[in-house]
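> Structure, please.
(one chain, ligands or ions: 2)
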Amino acid sequence: MTEDCLFCKIISKEIPSYILYEDDEILVFLDINPITKGHALFIPKKHIANLCELKEEEIGFMKKLPAIARKLKEVTGATGMNLIQNNGKDAGQVIFHIHFHLMPRHPNDGLTMLPPRTALDKVGAEDLINKFAQ
Ligand code: AMP
Ligand code: ZN
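Numbers count the residues shown, from 1 in each chain. Ligands and ions are numbered 1, 2, ... in the order given. Prediction:
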């Protein structure tokens, strides 16, 4: 529990939320400003800021993600599911308690999330591969 964390306050029920699922390890609740119908947030009860702060021994909670996604897909009648996960302010993270956005999708639901792509810069790619290997 981190005192100034909104999601820790949702976990402790200090702030109300629309809970879909809860156990000793995770909480799944509806996003207050949903992008699609049934847009839910999957979070661990342990306060971890984001993916880059997550230690290998802390990833156990993530094994529950596929079953939650399947159930949400089933109950919303969705035909697809987006998993969005923002890490850091510049990546759009607003709440610094790790969370996974589960967004049920339907045919022709009008949601377009991906901007146009560019061609891979081959020199930049080689440079990155070299740095990654060091
Ligand atoms: P992110 O931008 O990835 O940090 O996402 C934070 C998400 O938390 C946003 O989609 C918000 O709509 C959602 N959110 C903020 N406050 C609440 C709240 N009280 N209950 C449910 N969802 C919330
Ligand atoms: Zn927290």
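> near ligand 2, which residues of the chain show up?
If contact is defined as C-beta under 5 Å from the ion, the residues of the chain in contact with ligand 2 are 2, 5, 7-8, 47, 97. Every residue, glycine included, has its C-beta placed from N, CA and C.
> Show the buried residues in the residues you listed.
5, 7-8, 47, 97 (16 or more other C-beta atoms under 10 Å).
> now, the most widely separated pair of the residues you listed?
Phe7 and His47 (7.9 Å; C-beta to C-beta).
> any shared contact partners between those two?
His97 (C-beta atoms under 8 Å, 6 or more residues apart in numbering).
> Identify the residues contacting Gln93.
50, 86-87.
> just Arg117 next, same as before
By C-beta under 8 Å, 6+ apart, the contact list for Arg117 is empty.
> Could you measure from it over to ligand 1?
Applying C-beta to the nearest ligand atom, to the nearest Å, the value for Arg117 to ligand 1 is 22 Å.
> cool, His47 as well?
If you go by C-beta to the nearest ligand atom, the gap between His47 and ligand 1 works out to 14 Å.
> In terms of helices and strands, where is that residue?
Using DSSP states H and E, no element contains His47; it sits outside every helix and strand.
> Give me the phi and psi for it.
Torsion angles at His47 (phi, psi; degrees, to the nearest 10) stand at phi -70, psi 110.
> so it makes contact with Thr2?
Yes: under the criterion of C-beta atoms under 8 Å, His47 lies in contact with Thr2, with a separation of 4.5 Å.
> joint contacts of these two?
Taking C-beta under 8 Å, 6+ apart as the contact rule, the neighbours common to His47 and Thr2 are 8, 97.
> now the farthest one out in the chain, which residue is it?
Here the centre of the chain is the reference, and by C-alpha atoms, centre = their mean the most remote residue is Val123, at 32.1 Å.
> Quick check: it is in a strand.
No: when the secondary structure is assigned by DSSP: H, G, I helix; E, B strand; the rest coil, Val123 falls in helix instead of a strand.
> That one and Arg117, how far apart?
Relative to Arg117, Val123 is positioned 18 Å away (criterion: C-beta to C-beta, to the nearest Å).
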